[in-house]
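Visitor: the following block contains a protein sequence and its predicted model.
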Amino acid sequence: MEHRLEQQIQFVIEVDKMKNILRQTLLTDKSRRENDAEHSWHLALMAMVLYEYADQSKVNLSRVLKMALVHDLIEIDAGDTFAYDDAGNESKAERERAAADRIFALLPEDQGSEIRALWEEFDAEETADAQYAAAIDRLQPLINNYVSEGHPWKIANITSGRVYKRMSIIKEAAPELWRLAEDIIQSSIEKGYLQK
């Protein structure tokens, strides 16, 4: 097999491990925790379906979809860090950088560099594409958490203030979706899914 193709296949086999990385978020049917691969697929689909709420003059959907598909690849090595885990988040950047160094190096250099750049852009949340991708990345578990009656919020005693802070990027990236997020948070408080 040609060396380039061999590297690509090695990467494809490696990233299959995303299917084993469990997140705190439950599936909407509450049957189990979702895995990173399911989250990435759901995020990409939501980004496509909700694209009309993005500033389409600034947001390139194709790039957003690529970011959605690669943004959690580093969790193969770094693991999923719960958004509200203060201690875990202290070492998250270091763990993720080390994971990126290993995982993206499996690919031929041009592809590894491209995917790493997309991951870094997503992580920095500075471009319109990354902000929209991050907004949908925050909205996806918010919706799942609401439908699953606040399961991960209840376990970790999360307050609405922390959820509002985490969701704030939605306000800038997609103001109409921010109104939806606010409604979900308020309803979660009223139903006892989330502490005020």
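Guide: That came through, no problem.
Visitor: apart from its chain neighbours, what residue comes closest to Tyr164?
Guide: Spatial nearest neighbour of Tyr164, chain neighbours left out: Ile185 (6.3 Å); criterion: Cβ to Cβ, 6 or more residues apart in numbering. (Glycine included, C-beta is placed from N, CA and C.)
Visitor: pretty sure that neighbour contacts Leu194?
Guide: Yes - at 6.7 Å, Ile185 and Leu194 qualify as touching, with contact defined as Cβ atoms under 8 Å.
Visitor: okay, and the common contacts of those two?
Guide: Counting by Cβ atoms under 8 Å, 6 or more residues apart in numbering, the contacts common to Ile185 and Leu194 are Ser160, Val163.
Visitor: which of those two has more neighbours?
Guide: A count of neighbours by other Cβ atoms under 10 Å puts Leu194 above the other of Ile185 and Leu194, at 24 against 20.
Visitor: please report how far that one lies from Arg102.
Guide: 37 Å (Cβ to Cβ, to the nearest Å).
Visitor: and Leu177, by the same measure?
Guide: 35 Å.
Visitor: same deal with Leu50?
Guide: Distance of Leu50 to Arg102, given as Cβ to Cβ: 33 Å.
Visitor: over to Ala47?
Guide: Going from Ala47 to Arg102 by Cβ to Cβ gives 27 Å.
Visitor: neighbour-wise, which of the two wins?
Guide: Taking Ala47 and Arg102 together and counting by other Cβ under 10 Å, Ala47 has the greater number of neighbours (24 against 12).
Visitor: that one sits in which helix or strand?
Guide: Here Ala47 sits within helix 36-49, counting by DSSP states H and E.
Visitor: tell me the buried residues in whatever helix or strand comes next after that helix?
Guide: Where DSSP H and E defines the elements, the next helix or strand beyond helix 36-49 is helix 61-70. For helix 61-70, a neighbour-count test (16 or more other Cβ atoms under 10 Å) marks Arg63, Val64, Leu65, Lys66, Met67, Ala68, Leu69, Val70 as buried.
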